[in-house]
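Participant: Sharing a sequence plus its predicted fold:
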Amino acid sequence: KLGFKTMDALDPSSGMLEKAKKKGLYRNYYCEGITSEPLNIPKASYDVVTVVGGHGPNHIKGDAVHEMIRLVKSGGYVCIVTRRENFERMVDYKDTFFPMCDRIETDGKWRKVVNESCPFFPGVEGICLCYQIC
């Protein structure tokens, strides 16, 4: 319906992937988490990488954005949506995530397209980040 033709799923939870398989939406199902280490997926494989709710306690580490960048074609996007409070309060992100994103932009690897508040859950402010890969 939305124009997406080919999508892959990446999740460290086999149970979640089993539920996704029942919907038949994805081409490939990767049962692993994303880190700064390269996945067994060729570079520049995707037009877009999206992460929703993945930046929280015991979830994706901030430096995994380097692998996200590797996976996306030049001109493509990395989009992250999560609770704003996670980036403001959690030790894993609060003083390091945005400076790292700014350094990546200064290094010419991506450019910020969106950094704005969005709804997440009722009563919970979210943040939507979108970067275009250079």
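Facilitator: Sure, I can see it.

Participant: Contacts only, for residue 134.
Facilitator: With contacts defined as Cβ atoms under 8 Å, 6 or more residues apart in numbering, residue 134 is in contact with 74, 108, 109, 110, 111. For glycine as for every other residue, the C-beta is placed from the backbone atoms N, C-alpha and C.

Participant: Can you flag the buried ones in the residues you listed?
Facilitator: Members of the contacts of residue 134 that pass the buried threshold by neighbour count (16 or more other Cβ atoms under 10 Å) are listed as residue 110.

Participant: Help me confirm that residue 20 is found in a strand?
Facilitator: No - counting by DSSP: H, G, I helix; E, B strand; the rest coil, residue 20 is located in no strand; its state is helix.

Participant: related to what we said a few turns ago, please convert the contacts of residue 134 to a markdown table, extending it with pLDDT, distance to residue 10 and secondary structure.
Facilitator: A markdown table is the format used below for these (pLDDT from 0 to 100; distance: Cβ to Cβ, whole Å; DSSP: H, G, I helix; E, B strand; the rest coil):
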| residue | pLDDT | distance to residue 10 | secondary structure |
| --- | --- | --- | --- |
| 74 | 98 | 21 | strand |
| 108 | 98 | 26 | coil |
| 109 | 98 | 21 | coil |
| 110 | 98 | 19 | strand |
| 111 | 98 | 24 | strand |
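
Participant: can I get the contacts of residue 134 in a markdown table with distance to residue 34?
Facilitator: Putting the contacts of residue 134 into a markdown table (distance: Cβ to Cβ, whole Å) gives the following:
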| residue | distance to residue 34 |
| --- | --- |
| 74 | 20 |
| 108 | 23 |
| 109 | 17 |
| 110 | 16 |
| 111 | 21 |
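
Participant: For the residue nearest to the spatial centre of the chain, which non-adjacent residue is closest in space?
Facilitator: In the chain, the residue lying closest to the centroid (Cα atoms, centre = their mean) is residue 51, at 3.3 Å. Excluding the flanking residues, the one nearest residue 51 by Cβ to Cβ, 6 or more residues apart in numbering is residue 80, at 4.8 Å.

Participant: The one you found and residue 12, how far apart?
Facilitator: 17 Å (Cβ to Cβ, to the nearest Å).

Participant: Tell me where the chain has helices.
Facilitator: With helices called from DSSP state H, the chain shows them at 14-23, 65-71, 84-89, 97-106.

Participant: Lovely, talk soon.
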